[in-house]
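Asker: Here is my input, please return the structure:
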Amino acid sequence: MIKDDHHQALSQIVDQLKAHLQYQKALGITAVFSQQKTKVPLSLDEIRREMGECTRCRLHKGRHHLVFGEGNPRALLVFVGEAPGRDEDLQGRPFVGKAGELLTRIIEAISLTRKEVYITNILKCRPPNNRDPKLDEISTCFPFLIKQLETIKPKIICALGTFAAQTILRTENKISSLRGFFHNYHDVMLMPTYHPAFLLRNPQFKKHVWEDMKMIKAEYKKAKSI
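Answerer: Okay, the predicted model is just below:
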């Protein structure tokens, strides 16, 4: 029953995102994310200023800090998680709790540092008790992630966990079937993999993440040499 509810919720998220894209199209916005120079994207600072002290959804009521993202504004590799947790909410930085410490080690394992990549989330505010994101929260916050990606223009995106992967790729497929190979996201290579918080609870899946990260490392070297 829980699985059915989860599947239904994800299906609704996909439908709502499609409706949001149709609405944008009606407004004359035809490109969601493109590396083509069809417009001058906002800087990350400008996007952050546009968000302001965001009150666009209910999550602002319980937050301490909006967690925008951090790292190299011209990063070749961007990590996208689901939403801030307790530690992130208190510090205003992405992935700084136990899951963040694991992500840092994963990044270092492919010979990079947090300063060389960019790290952010689908949602910029913490859901109460770390519950799953709701449909309206995702549709409200997702456009800001798109703007971040348009500005950074990464060559590779690593989607951490189910919600990040399914939201960006607009799919209902399970993370277990999405990971292990690259997906084409508007001419950007996107690798879904398990979320570090999931790995803390299920360390037996770390070997799968390492397989994904080795592929990312190889493509990163290629992208850097161009």
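Asker: Contact partners for the nearest residue to Asp87 once chain neighbours are set aside?
Answerer: Among residues not flanking Asp87 along the chain, Gly97 sits closest, at 3.5 Å (CB to CB, 6 or more residues apart in numbering). (Each C-beta comes from the backbone N, C-alpha and C, glycine too.) By CB atoms under 8 Å, 6 or more residues apart in numbering, the contact list for Gly97 reads Gly85, Arg86, Asp87, Glu88.
Asker: The same query, at a cut-off of 10 Å, please.
Answerer: Pro84, Gly85, Arg86, Asp87, Glu88, Asp89, Leu90, Gln91, Leu103, Pro196, Ala197, Leu200 (CB atoms under 10 Å, 6 or more residues apart in numbering).
Asker: could I get these as JSON lines with pLDDT and neighbour count?
Answerer: Listed next are the contacts of Gly97 as JSON lines, based on pLDDT from 0 to 100; neighbours: other CB atoms under 10 Å:
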{"residue": "Pro84", "pLDDT": "98", "neighbour count": "32"}
{"residue": "Gly85", "pLDDT": "97", "neighbour count": "22"}
{"residue": "Arg86", "pLDDT": "97", "neighbour count": "12"}
{"residue": "Asp87", "pLDDT": "97", "neighbour count": "16"}
{"residue": "Glu88", "pLDDT": "98", "neighbour count": "24"}
{"residue": "Asp89", "pLDDT": "98", "neighbour count": "23"}
{"residue": "Leu90", "pLDDT": "98", "neighbour count": "16"}
{"residue": "Gln91", "pLDDT": "98", "neighbour count": "15"}
{"residue": "Leu103", "pLDDT": "98", "neighbour count": "25"}
{"residue": "Pro196", "pLDDT": "98", "neighbour count": "24"}
{"residue": "Ala197", "pLDDT": "97", "neighbour count": "21"}
{"residue": "Leu200", "pLDDT": "98", "neighbour count": "14"}
